[in-house]
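Asks: please find the sequence and the predicted model below.
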Amino acid sequence: MTVQWDAQQYARFSGSRGRPFHDLLARVAAEAPGEVVDVGCGSGELTATLARRWPGARVRGLDPSPQMLARAPRGAGVTFSPGTAEDFDATGVDVVVSNAVLQWVPGHRELVARWARQLPAGGWLAFQVPSNFDAPSHRLMRELAGTARWRERLDGVLRGAESVEPPAGYLEVLAGAGLEADVWQTEYLHVLTGEDPVLEWVRGTGLRPVLAALPEDAAREFTAQYAGLLRQAYPARPWGTAFPFLRTFAVARKP
């Protein structure tokens with residue numbers, strides 16, 4: 001099954017999605033890195049901020065999605081190219097950034113350990129992953145996919161909390177590789193507006209595997225059922241819809 005990214009849909013909440021990137025990079029104290037790589041750079045707007053922060057660095061953005069790379073800013077001091085997290089080699093890279101990517105990579109604990117070993121002395125590794133797989137937005141999707149109507153078509157399509165490590169798991173990997181690690185969690189309370197805003201948020205991320213697995217008419221049916229569940233779980237208020245979102249952050253430096 002090939003899952004396509006919709007860059008325009010993803011960008012609908014770019015302000016809220018971008019905040020964790022800036023919070024992550026605020027803990028990276030690299031002063032004059034020679035090479036900086038954003039692994040899973042998406043459409044590249046956030047990657048461009050790395051070039052502005054470290055104008056003397058060679059900044060690269062890697063992403064497997066041609067739809068995303070097509071929207072990457074040109075002339076921003078960044079070289080964008082196709083590439084996956086699994087194939088990326090961190091050897092000689094001074095700052096490795098991965099923002100909301102590793103949850104899509106099965107077994108990424110071993111990948112993080114490999115990157116940690118490959119970093120040069122003084123190198124930095126910074127990543128964040130969503131940790132809200134038990135939130136109603138994801139739990140209701142899995143429960144609906146497991147009903148008699150959808151079970152056969154969607155068996156094995158969605159994953160749960162096992163997609164990411166708990167904070168202690170990432171600390172163990174990074175510290176075990178000899179890095180000085182800072183791992184924490186932040187819950188953002190996003191206020192979303194518009195019709196079915198939580199559905200529209202998830203449509204650009206976690207719902208994509210479902211939409212890819214179903215024909216168009218079935219995808220519309222599933223989406224309509226799921227939207228009704230989300231309205232109950234995340235009721236709209238006069239000022240908007242509150243959408244809590246927990247994320248895990250890790251920033252580590254190799255002595």
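Replies: Okay, I see it. Residues are numbered from 1 along each chain as shown.

Asks: hey, where'd the helices end up in the stretch 151-255 of the chain?
Replies: 151-154, 167-176, 197-203, 208-213, 216-233 (DSSP state H, counting those that start in this stretch).

Asks: so which of those is nearest residue 87?
Replies: helix 167-176 (19.6 Å; C-beta to C-beta). C-beta here means a position set from N, CA and C on the backbone, and glycine is covered the same way.

Asks: run the chain-centre distance for that closest one.
Replies: Distance, stretch centre to chain centre, for helix 167-176: 19 Å (C-alpha atoms, centre = their mean, to the nearest Å).

Asks: average model confidence for it?
Replies: The pLDDT scores in helix 167-176 average 98.

Asks: which of the helices of the stretch 151-255 of the chain is buried the deepest?
Replies: Most buried of the helices of the stretch 151-255 of the chain, by mean neighbour count (mean count of other C-beta atoms under 10 Å): helix 197-203, with a mean of 21.

Asks: in CSV, list the C-alpha atoms belonging to that one.
Replies: Provided in CSV are the C-alpha atoms of helix 197-203 (Å, rounded to 0.1, in the frame of the first residue of the first chain):
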residue,chain,number,x,y,z
PRO,A,197,-11.3,20.7,12.6
VAL,A,198,-10.0,17.6,14.4
LEU,A,199,-11.0,15.5,11.4
GLU,A,200,-9.2,18.0,9.1
TRP,A,201,-6.1,17.8,11.3
VAL,A,202,-6.0,14.0,11.3
ARG,A,203,-6.9,13.8,7.6
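
Asks: residues making contact with it?
Replies: Residues from elsewhere that reach helix 197-203, judged by C-beta atoms under 8 Å, 6 or more residues apart in numbering: 6, 9, 12-13, 137-138, 141, 190, 192, 194, 207, 211, 223, 226-227, 230, 233-234, 240-241, 243.

Asks: repeat the analysis, applying 10 Å as the threshold.
Replies: 6, 9-10, 12-13, 16-17, 135-138, 140-141, 190-192, 194, 196, 207-208, 210-211, 223-224, 226-231, 233-234, 236, 240-243, 245 (C-beta atoms under 10 Å, 6 or more residues apart in numbering).
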